[in-house]
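*Asks:* what follows is a predicted protein model with its sequence.
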Amino acid sequence: MIQRGTWTESWKTLPVILEADVVVVGGGPAGVAAAVGAARVGASAVIVERDGWLGGQAGDIFTISPWQFIDANLNWVVGGITREIFLRTAELGGCDYLWETVPGQIPPPEGGEKPFEMIGNGSAARHKVEGVLRWRDAAVEPQSLRFALHQMCDEAGVRLLLDSTVAGAMMEENRIVGVLIEFRGQRFGVRGKVVVDATGHGDVADRAGCPFENYNDLDGVFTGTSNHLGRGGYTGAHSRVCNVNFEETLAYMRERPDQWIAAGGWEKDPPKMEIEQVEEMVRLGNFVNLSGFRELRWKAVQENPEYRAVGRRYLDSPEGYLAFIYQGDGLAIQWSRSRKPVNLLDPVEFSEVVADIRKVHWLTNRLYREYIPGFQNSRLLYTPTHVSSAFARCVAVEYTLTRDDLIEGVHFDDVVGRAIGHDWDVVSKHRGFEIPYRALLPHKVDGLLVTGKSVASFIHCGATVACTGHAAGVAAGLAAKADRMPRDLDVALVQKTLLDQGAVL
């Protein structure tokens with residue numbers, strides 16, 4: 001733990017304002033999947049969320065795609081409440097065209113021809129009628145996602161404590177019996193028979209005294225401008241702009257085909273798309289991930305050195321490039337990331353990185369406005385509330401998933417979830433990787449289940465995170481109803497209940 005001097009906090013008796021069978025801390029997709037899963041087995045559930053809405057980081061960014069749900073044979077890998085969340089979001093509108101197309105065609109009809117063929121590393125698909133579609137960036141609309149999450153909680157009877165930050169754990173020896181929250185400068189207790197940590201960084205587990213597998217590994221993580229991101233992975237957030245005249249951008253792309261690629265990268269993506277394919281994707285409403293514009297970026301850097309901060313990689317050379325996703329209707333997402341090292345456990349250093357990213361958001365939009373055709377009249381519409389790393393500290397659990405488990409497709413008798421994640425080209429061959437129940441059970445502390453990035457170092461895709469939340473919520477609800485500790489549950493009952501709720505195991 002970082003210390004710069006010490007301070008002894010005075011303790012006082014606090015009022016307990018709510019009691020529930022299951023207390024879920026964190027209102028992103030993992031937290032909602034947990035709370036709804038618990039409610040559907042008859043347990044009362046409450047979500048403690050630091051923001052004034054549900055969604056968390058997933059409600060800020062634009063990267064929850066069908067690619068996180070489906071294997072190479074066009075089978076659903078992720079099911080249950082996780083799939084329900086995102087299909088509901090698609091029904092609400094504003095999402096990529098593929099979200100409207102995929103549900104009715106996955107899996108294909110018995111004996112029918114598959115409408116999609118995965119290409120490259122799974123980041124794109126070739127449709128039998130519409131050609132190549134950008135699969136990996138077929139994002140859902142964040143506002144629709146937030147509404148879907150609220151809608152599902154309403155229907156399930158899940159109570160919400162919004163604008164409430166977790167401030168401590170209520171402990172009886174080695175058992176957690178609730179959490180302390182802070183609201184408007186005051187502290188309150190929220191009591192529960194079982195607590196689910198869906199914070200993304202193991203904040204409740206830390207408060208409860210759980211050990212961590214990699215606590216010190218996050219010290220001094222580098223997330224700068226080199227190709228190697230280090231243990232902490234990507235740290236950033238992506239802004240959204242409006243009023244883009246994409247016809248002008250397309251005109252430049254026709255003139256300079258050497259200056260762009262519509263596949264999201266330069267090294268490992270599918271073959272370069274032609275301009276006609278990009279135009280067809282735009283017509284359909286498929287989001288288009290564009291990288292390149294190197295000459296224009298380098299010209300900007302030469303004329304204003306501040307623009308060295310803008311871009312994806314190789315920022316100090318002419319090889320540096322820009323990247324954005326065009327959504328249609330004049331909307332685009334501009335990629336931004338920190339240039340600075342960051343200690344993810346130091347609030348001072350992390351705040352410096354967040355401030356740096358906010359500056360990069362502004363510089364990115366200004367560079368586009370001044371140098372990129374079609375963006376002259378664009379406006380910075382939205383910058384995400386959250387800045388987070390791709391990875392987080394991992395709680396020491398009864399079984400720590402490894403990358404070998406993922407690559408080899410290891411089967412676990414106590415499997416409670418199946419996921420894909422960012423290693424699609426590896427795990428899609430064996431229908432994703434399995435998540436064992438033991439991976440959700442922390443050492444030393446009873447009455448607690450962990451989810452998402454706290455479970456394993458390679459878990460951070462939205463669908464994977466939510467999958468762990470669904471499993472944890474069902475187990476928490478069953479344990480609370482039976483008045484048992486989660487680690488004492490019959491795993492077969494957890495598995496059966498998850499299957500009844502549509503999960504894929």
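*Replies:* Looks like it arrived, so ask away.
*Asks:* tell me how many other residues surround Thr385.
*Replies:* When counting by other CB atoms under 10 Å, one arrives at 15 neighbours for Thr385. All C-beta atoms are positioned from the backbone trio N, CA, C, and that covers glycine.
*Asks:* same check on Gly55?
*Replies:* By the other CB under 10 Å criterion, the neighbourhood of Gly55 contains 25 residues.
*Asks:* which helix is the longest one in this protein?
*Replies:* Among all segments of the chain classified by DSSP state H, the helix with the greatest residue count is helix 347-371.
*Asks:* mind listing the strands the helix or strand following that one pairs with, and their directions?
*Replies:* Past helix 347-371, heading to the C-terminal end, the next element that is a helix or strand (DSSP states H and E) is strand 379-382. Applying DSSP bridges to the sheet, strand 379-382 is found paired with strand 239-242 (antiparallel).
*Asks:* so where does Val179 fall, helix or strand?
*Replies:* Counting by DSSP H and E, the secondary-structure element that holds Val179 is strand 175-183.
*Asks:* my guess is Val204 meets Gly192, correct?
*Replies:* No. Between Val204 and Gly192 no contact is recorded; they are 11.0 Å apart, counting by CB atoms under 8 Å.
*Asks:* and for these two, which residues touch both?
*Replies:* Common neighbours of Val204 and Gly192 are listed as Val179 (criterion: CB atoms under 8 Å, 6 or more residues apart in numbering).
*Asks:* so Glu276 lies in a helix, does it not?
*Replies:* Yes. Using DSSP: H, G, I helix; E, B strand; the rest coil, the assignment for Glu276 is a helix.
*Asks:* that older thread, any idea which helix or strand comes after the strand holding Val179?
*Replies:* Scanning the chain past strand 175-183 towards its C-terminal end, the next helix or strand to appear is strand 186-197 (assignment: DSSP H and E).
*Asks:* export the next helix-or-strand element following that following strand as CSV, just CAs?
*Replies:* Heading C-terminal from strand 186-197, the first helix or strand you meet, by DSSP H and E, is helix 203-207. This file holds the C-alpha atoms of helix 203-207, laid out as CSV (Å, rounded to 0.1, in the frame of the first residue of the first chain):
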residue,chain,number,x,y,z
ASP,A,203,-12.3,-2.9,-4.4
VAL,A,204,-14.6,-4.8,-2.1
ALA,A,205,-12.2,-7.7,-1.9
ASP,A,206,-9.5,-5.3,-0.9
ARG,A,207,-11.7,-3.8,1.9
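*Asks:* mind checking the pLDDT average for helix 203-207?
*Replies:* Per-residue pLDDT over helix 203-207 has a mean of 95.
*Asks:* need the contact partners of that helix.
*Replies:* Surrounding helix 203-207, the residues in contact under the criterion CB under 8 Å, 6+ apart are 25, 166, 168-169, 176, 179, 195, 197, 212, 393, 395, 442, 445, 448, 450, 454.
*Asks:* report the buried residues of the strand or helix carrying Ile81.
*Replies:* Under the criterion of DSSP H and E, Ile81 resides in helix 80-92. Along helix 80-92, the positions that meet the burial threshold by neighbour count (16 or more other CB atoms under 10 Å) are Gly80, Ile81, Thr82, Arg83, Glu84, Ile85, Phe86, Arg88, Thr89, Ala90, Leu92.
*Asks:* who are the contact partners of the fourth one?
*Replies:* With CB under 8 Å, 6+ apart as the criterion, the residues that contact Arg83 are Phe69, Trp76, Gly502.
*Asks:* neighbours of the second one, how many?
*Replies:* Number of residues near Trp76 (other CB under 10 Å) recorded here: 19.
*Asks:* got the confidence number for it?
*Replies:* Reported pLDDT at Trp76 in the predicted model: 84.
*Asks:* repeat for the first one
*Replies:* According to the prediction, Phe69 has pLDDT 86.
*Asks:* pLDDT below threshold where in the stretch 101-250 of the chain?
*Replies:* In the predicted model, the stretch 101-250 of the chain carries pLDDT under 70 at residues 103-105, 107-109, 111, 120-122, 214-234.
*Asks:* what ranges does it have for its strands?
*Replies:* Per DSSP state E, counting those that start in this stretch, the stretch 101-250 of the chain carries strands over the ranges 116-119, 124-127, 131-134, 159-161, 165-172, 175-183, 186-197, 221-222, 235-236, 239-242.
*Asks:* closest one to Ala323 among those strands?
*Replies:* Closest of the strands of the stretch 101-250 of the chain to Ala323 is strand 235-236, at 11.6 Å (criterion: CB to CB).
*Asks:* ok, and what's touching that closest one?
*Replies:* Around strand 235-236, the neighbours that count as contacts under CB under 8 Å, 6+ apart are 223, 335-338, 342, 344, 353, 357, 387-390.
*Asks:* where along the stretch 1-150 of the chain do the helices fall?
*Replies:* Counting by DSSP state H, counting those that start in this stretch, one finds helices in the stretch 1-150 of the chain at the ranges 29-39, 80-92, 97-101, 142-156.
*Asks:* deepest of those, which one?
*Replies:* Mean neighbour counts were compared across the helices of the stretch 1-150 of the chain using mean count of other CB atoms under 10 Å; the top stretch is helix 29-39, at a mean of 33.
*Asks:* could I get the average pLDDT for that one?
*Replies:* Taken as a whole, helix 29-39 has a mean pLDDT of 98.
*Asks:* for the stretch 301-450 of the chain, what spans make up the helices?
*Replies:* Defined through DSSP H, counting those that start in this stretch, the helices belonging to the stretch 301-450 of the chain, from first to last, are 347-371, 403-408, 424-427.
*Asks:* adding distance to Ala466, write these out as a markdown table.
*Replies:* A markdown table is the format used below for those (distance: least, CB to CB, whole Å):
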| stretch | distance to Ala466 |
| --- | --- |
| helix 347-371 | 25 |
| helix 403-408 | 18 |
| helix 424-427 | 17 |
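*Asks:* okay, those, which one's buried deepest?
*Replies:* helix 424-427 (a mean of 20).
*Asks:* what's that helix packed up against?
*Replies:* Using 3 or more CB pairs under 8 Å, 6 or more residues apart in numbering; DSSP states H and E as the contact criterion, the neighbours of helix 424-427 among helices and strands are helix 403-408.
*Asks:* which outside residues touch the helix it packs on?
*Replies:* Counting by CB under 8 Å, 6+ apart, helix 403-408 makes contact with Val410, Gly421, Asp423, Val426, Val427, Phe433, Glu434, Phe458, all of which sit outside it.
*Asks:* among the residues you listed, the buried ones, what's the ChimeraX command?
*Replies:* Only the buried members of these end up in this ChimeraX selection, burial being decided by 16+ other CB under 10 Å:
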select :421,423,426,427,433,434,458
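*Asks:* Ala471: which of the contacts of helix 403-408 is nearest?
*Replies:* After measuring the contacts of helix 403-408 against Ala471 - CB to CB - the closest member comes out as Glu434, at 10.9 Å.
*Asks:* how about that closest one: what's its closest non-neighbour residue?
*Replies:* Residue nearest to Glu434 in three dimensions, not counting chain neighbours: Val415, with 4.3 Å by CB to CB, 6 or more residues apart in numbering.
*Asks:* burial of the one you found, as a residue count?
*Replies:* For Val415, the tally of surrounding residues (other CB under 10 Å) stands at 22.
*Asks:* that one contacts Phe433, doesn't it?
*Replies:* No. Checked against CB under 8 Å, the pair Val415 and Phe433 is beyond contact range at 9.8 Å.
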